[in-house]
Structure formats: C-alpha cells, structure tokens
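In: structure, please.
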Amino acid sequence: MRIGICNDHAGYAYKCALVKLLGKKGHEMVDFGTDSEVSVDYPDYAHKLAAAVESGAVDAGIALCGTGNGMAISLNKHQGIRAGLAWNSEIGRLVKAHNKANVLVLPARFISYAMATRIVRIWLETPFEGGRHERRIAKIPCDGR
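Out: Model prediction:
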C-alpha cells in the first residue's frame, strides 16, 4: 500500500518512527513533512496530504499533530477526504469500519508511540463494513475514495 504521511512539529518524532516501521512492513511511504520539530503551521502539510489522497497519488493517509484536531479540521475541508481522529485502537477500528476514513489522524501529544502503532495497525487491517454505514457515508459530500 502507498501511504502518505504528514505532521507538524508535535508529530515529527512519531512520524519518523512510523515511516520506518511501515516501510519495513512493505508499505511505500510518501512523506509530506515537516522535517523537524521547529514550529510550523499544520494546514500547510495537511493540504499536501489531502491533495495526494484525493488525486489517488497515495492510497490512504496518516496525519499527526499535537491534539490531532488541527489536522483533522484541515483535512476534512477537502471534498475527497474523510479524516478520522483516533486516540485508542477501538476508535481507530471504528473510523475505518463505520466511517470509511481514508486518512487516520493521531494526537501525538496525548498517546504513547506504542498506542500510535496499535491504532495504525488496526486501522490498516480493518475493512469498511458497508451496510447501514454505506448509506451514511453517501450523505457526506465526497468523491467516494
């Protein structure tokens, strides 16, 4: 799977570790930055990732910032994005199974790296359930990815 990933300064360390981990598991990682812990504006990176997911340049995305909220808000302004914020593995499962999230957002300052890796693993492994959730997803303006 080709996965785009982005972060702000608060998510930098987790992003670096996730890129290595997921790369070792055979995923092709596309890094949309930032490349340090110097303070940056998260929307600049969220928009790059969103454009890549919308265009199909990547299959899915992962975004990290301090609370996750800034990234989620910025990502969800894009028509083809359903970004879900997850702070535990069950929420990570549900944002994919019920909400068909094509971008997973993690709150780097509020979860451990071990939890982040569990959430990512479960989110990647979880299929969209369809059924009643398909009807609900259809009511969200999106191009269907």
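In: buried residues in the lowest-mean-pLDDT helix or strand in the chain?
Out: Counting by mean pLDDT, DSSP states H and E, the chain has its least confident helix or strand at helix 132-138, which shows a mean of 92. Under the neighbour-count criterion of 16 or more other C-beta atoms under 10 Å, helix 132-138 has Ile137 buried. For the C-beta atoms, the positions are set from N, CA and C on the backbone; glycine is no exception.
In: residues touching Glu37, list them.
Out: His9, Tyr12, Ala13 (C-beta atoms under 8 Å, 6 or more residues apart in numbering).
In: by neighbours, which of those wins?
Out: Of those, Tyr12 is surrounded by the most neighbours, 20 neighbours in total, counting by other C-beta atoms under 10 Å.
In: what's the helix or strand for it?
Out: helix 12-24 (DSSP states H and E).
In: and that helix, how far from the chain's centre?
Out: From the chain centre to the centre of helix 12-24 is a distance of 13 Å (C-alpha atoms, centre = their mean, to the nearest Å).
In: which SSE is immediately downstream of that helix?
Out: Using DSSP H and E, the next helix or strand after helix 12-24 towards the C-terminus is strand 28-31.
In: what residues sit buried inside that next one?
Out: Buried residues in strand 28-31, counting neighbours by 16+ other C-beta under 10 Å, are found at Met29, Val30, Asp31.
In: now do that strand: distance to the chain's middle.
Out: 12 Å.
In: C-alpha coordinates for the next helix or strand along the chain from it, PDB please?
Out: If you walk from strand 28-31 toward the C-terminus, the next helix or strand you reach (DSSP H and E) is helix 42-55. Taking C-alpha atoms only, helix 42-55 is exported to PDB below (Å, rounded to 0.1, in the frame of the first residue of the first chain):
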ATOM      1  CA  TYR A  42      -0.200  22.200  10.300                       C
ATOM      2  CA  PRO A  43      -2.600  23.200   7.500                       C
ATOM      3  CA  ASP A  44       0.300  23.600   5.100                       C
ATOM      4  CA  TYR A  45       1.100  19.900   5.500                       C
ATOM      5  CA  ALA A  46      -2.500  18.700   5.800                       C
ATOM      6  CA  HIS A  47      -3.400  20.200   2.400                       C
ATOM      7  CA  LYS A  48      -0.500  18.400   0.700                       C
ATOM      8  CA  LEU A  49      -1.500  15.100   2.100                       C
ATOM      9  CA  ALA A  50      -5.200  15.700   1.300                       C
ATOM     10  CA  ALA A  51      -4.300  16.600  -2.400                       C
ATOM     11  CA  ALA A  52      -2.400  13.300  -2.700                       C
ATOM     12  CA  VAL A  53      -5.200  11.200  -1.300                       C
ATOM     13  CA  GLU A  54      -7.800  13.000  -3.400                       C
ATOM     14  CA  SER A  55      -5.800  12.500  -6.600                       C
END
